[in-house]
Each structure stands twice: as structure tokens, then as C-alpha cells.
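Peer 1: A predicted structure for the sequence below; I have some questions about it.
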Amino acid sequence: MGRLGRAWRVAELRQRGGVLAAFVAACCEDGERARAARDLGARLAAYGPADRWEAEKAVATLERWADALEDHPYHPGVPRPDESDRQTRDHFKDVQRDRLTVAARDWRAGARLSLDVYLGQLRRLRGLDPCVREDAYYLYGRGTMALDLGDRATAARETARLRELRDAHAC
């Protein structure tokens, strides 16, 4: 697993662990366990890609504690895969943003602006085939996700594909 893969996995664990830690801390009748859940959640929030195994153990502990409260009406269920990915992506994006250089932030802002402009131009076209419109949203989503993950090559490729789609259907 590469650095990006480890960073993504830790972001998943931090996201899930944060939810579980807050639930256990708020709903557990045992004050000692609630305090331990808050402490574990705080440690989990500080973990980085190098701490993947510790994060795995922390989330496993929090899941065991949350399972003991499974009858609680506010027990957090396991999110659907798409919801989990969306939450993780949002969390990962925030973590990555803090680590970017000014030049990288400027490049991302320019690429994001291009994606926004091309999609906006396609959206305003009347009578556009629904399949083409779906392709536009798909390319926009892939491009923005690549930007969020710091994958310049993919972001540039999806931006170019969206521009080509716009050029092919502009009147």
C-alpha cells in the first residue's frame, strides 16, 4: 500500500473512529469508558499515514465498545459505501489541504476553476443529450476528486476530457 493508500485508509479510520468515539462518549453509562472513548478519539484524530496500525486498533476498540450499545436508538450504523467514500474524501481533502504548498494550492484553484467553467458551459446548453450531460457530471466529479486527492495527472486529464466534451457540443 503506497503513501496515498495509507493516508486514505487512515482518513477512513479517523472518520469512522470519530463518529464511534463521540457516540460511546455520549451514550455510555460507564464514566470511565466514556472518558477512555474521548481520549481514544482525540489520539485517533492526531494519527497520520505512518500510524495506520494504531488507528486500526483504536477503531476496532471503539467498534467493540459501540457494539455493546447496539440497542441504543442513536447507534451509528455502518455507512453505505458511497456515503463512507464521500465522508472520507471530505476528511482527506481537509487534511491534505493543510500540507500543500502555495504553488500547489494555486494550481488546484486554477484547475478547479476550469472544471467549474466547462461544466457550467455544458449545463447551460439547451437540448443537450442526457447521456452527454451525465458524462459531463461524471468527468467533473472525477476531476474534482483527483484534485482533492492531489493527483495532478488525473485532474489534468479529466479537465481536458471535459473541455473536449464542451468543444464537441458547443454551438
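Peer 2: Sure thing, it's come through.
Peer 1: my guess is residue 18 contacts residue 43, does it?
Peer 2: No: shown here, residue 18 and residue 43 do not form a contact pair, counting by CB atoms under 8 Å, at 11.3 Å. The way it works is simple: take the backbone N, C-alpha and C, and place the C-beta from them, glycine included.
Peer 1: okay, and the helix or strand of the chain with the least pLDDT?
Peer 2: Within the chain, no helix or strand scores below helix 81-97, which has a mean of 75 by mean pLDDT, DSSP states H and E.
Peer 1: can you list the buried residues in it?
Peer 2: When neighbours are counted by 16 or more other CB atoms under 10 Å, the buried residues of helix 81-97 are found to be 87-89, 91-93, 96.
Peer 1: what do you get for stretch 161-171?
Peer 2: The neighbour-count criterion (16+ other CB under 10 Å) identifies 161-163, 165-166, 169 as the buried residues of stretch 161-171.
Peer 1: hey, which helix is longest across the protein?
Peer 2: helix 3-27 (DSSP state H).
Peer 1: from the middle of its chain, how far away would that one be?
Peer 2: From the chain centre to the centre of helix 3-27 is a distance of 12 Å (CA atoms, centre = their mean, to the nearest Å).
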